[in-house]
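K.L.:
kindly generate the corresponding structure for this input.
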Amino acid sequence: MLLSLTCFSGNALLLKDLASHRNIDPWMSITFRAAVGLLLTIILFAPAGTLKLRRSFQSWLLASRGVLGALGTAAYYTTIGPLGAGKATLIGNTWTVFAAIMATFVLHERLGLVKLFGILLALTGLSLLTGLAPGSMARFGHHEMIALIGAVLAAAVVVVIRQLTRTETSATIFSSQCIYALLLALPLAVANFTSLNLMDVVLLTAAALCASIGQLAMTEGFRFLSVAAGGAFQMMVPVVISLSSIALFAEPFTFAQSLGGVLVLWGCYHTVVGGFSRKAPAA
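P.N.:
The predicted structure is shown next:
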């Protein structure tokens, strides 16, 4: 989980630098992430026979996971530059709230008082963070809307993954996102391509490796940690990214947005741990 925290944080900060300081198109970043992630998954899991790439086109659930995951990744990557790594990650982290709500209707999971309390806190914080609340001194624009849609898409992915874990391996589930993200991003990256120097390629590859290793490390961590312990680690990701983005990129946060960010994290944590006492299955 510490490796996951480090990699996810490094990925977000590298993406911010690539978008704001090196003017790299987000679709190029997504292409690198998908290609490197797919290659890494093949190297690690194909020899053991746990990777079934064809299943991504044969199973409608895997295809749904791939398409929804690709669109959610695109939403996150395209908003890190204009919103900042901190705000984009905090908004995206509300997927836990939307996943809990969706799971109630799709998977018939019960919403306990702890989860309801967490959802209320997180939605209150989200309104302050994005400018939906009156007097928050922030403006709700189209980038905030894209980030919010990305969080909803990520929540839908989690609901789909909970069903996929009954029949598919983690490697196959993860590879489906890589495949569909590559199909989505590559044509757009080629259409908007200008030029890449050696340092651009190095940073793009580093960001992609961080994202892939972070995802795999998180999955492995949840095999051995409870939802509460694992969720606590994952709630630290937006904190580290926000503080680092403020220090490295001078990302602005008003008092209301800072308060909103705290409420989002507090609420998301309660939503994740509410109602769980057993160890989580790998996703």
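K.L.:
where does the stretch 1-150 of the chain dip in pLDDT?
P.N.:
Regions of the stretch 1-150 of the chain meeting the criterion pLDDT under 70 cover residues 133-138.
K.L.:
hey, where'd the helices end up in it?
P.N.:
Along the stretch 1-150 of the chain, counting by DSSP state H, counting those that start in this stretch, helices occupy 2-20, 26-45, 55-58, 60-83, 85-92, 95-106, 113-130, 142-164.
K.L.:
by contact count, what packs against the fourth one?
P.N.:
Which is helix 60-83. With contacts defined as 3 or more Cβ pairs under 8 Å, 6 or more residues apart in numbering; DSSP states H and E, the packing partners of helix 60-83 are helix 2-20, helix 26-45, helix 55-58, helix 85-92, helix 142-164, helix 170-191. All C-beta spots, glycine's among them, are computed from the backbone N, C-alpha and C.
K.L.:
dump the fifth one to PDB, keeping only the CA atoms.
P.N.:
Going back to what we said before, that points to helix 142-164. Extracted in PDB, the C-alpha atoms of helix 142-164 (Å, rounded to 0.1, in the frame of the first residue of the first chain):
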ATOM      1  CA  HIS A 142     -16.800  22.500 -17.500                       C
ATOM      2  CA  HIS A 143     -13.500  21.000 -16.100                       C
ATOM      3  CA  GLU A 144     -15.200  20.500 -12.700                       C
ATOM      4  CA  MET A 145     -18.100  18.800 -14.500                       C
ATOM      5  CA  ILE A 146     -15.700  16.500 -16.500                       C
ATOM      6  CA  ALA A 147     -13.900  15.600 -13.300                       C
ATOM      7  CA  LEU A 148     -17.200  14.800 -11.600                       C
ATOM      8  CA  ILE A 149     -18.400  12.700 -14.500                       C
ATOM      9  CA  GLY A 150     -15.100  10.900 -14.200                       C
ATOM     10  CA  ALA A 151     -15.800  10.100 -10.600                       C
ATOM     11  CA  VAL A 152     -19.200   8.700 -11.500                       C
ATOM     12  CA  LEU A 153     -17.600   6.500 -14.200                       C
ATOM     13  CA  ALA A 154     -15.000   5.300 -11.800                       C
ATOM     14  CA  ALA A 155     -17.800   4.300  -9.400                       C
ATOM     15  CA  ALA A 156     -19.500   2.400 -12.200                       C
ATOM     16  CA  VAL A 157     -16.200   0.500 -12.900                       C
ATOM     17  CA  VAL A 158     -16.000  -0.500  -9.200                       C
ATOM     18  CA  VAL A 159     -19.500  -1.900  -9.300                       C
ATOM     19  CA  VAL A 160     -18.700  -3.900 -12.500                       C
ATOM     20  CA  ILE A 161     -15.400  -5.100 -11.000                       C
ATOM     21  CA  ARG A 162     -17.200  -6.500  -7.900                       C
ATOM     22  CA  GLN A 163     -19.200  -8.700 -10.300                       C
ATOM     23  CA  LEU A 164     -16.200  -9.600 -12.500                       C
END
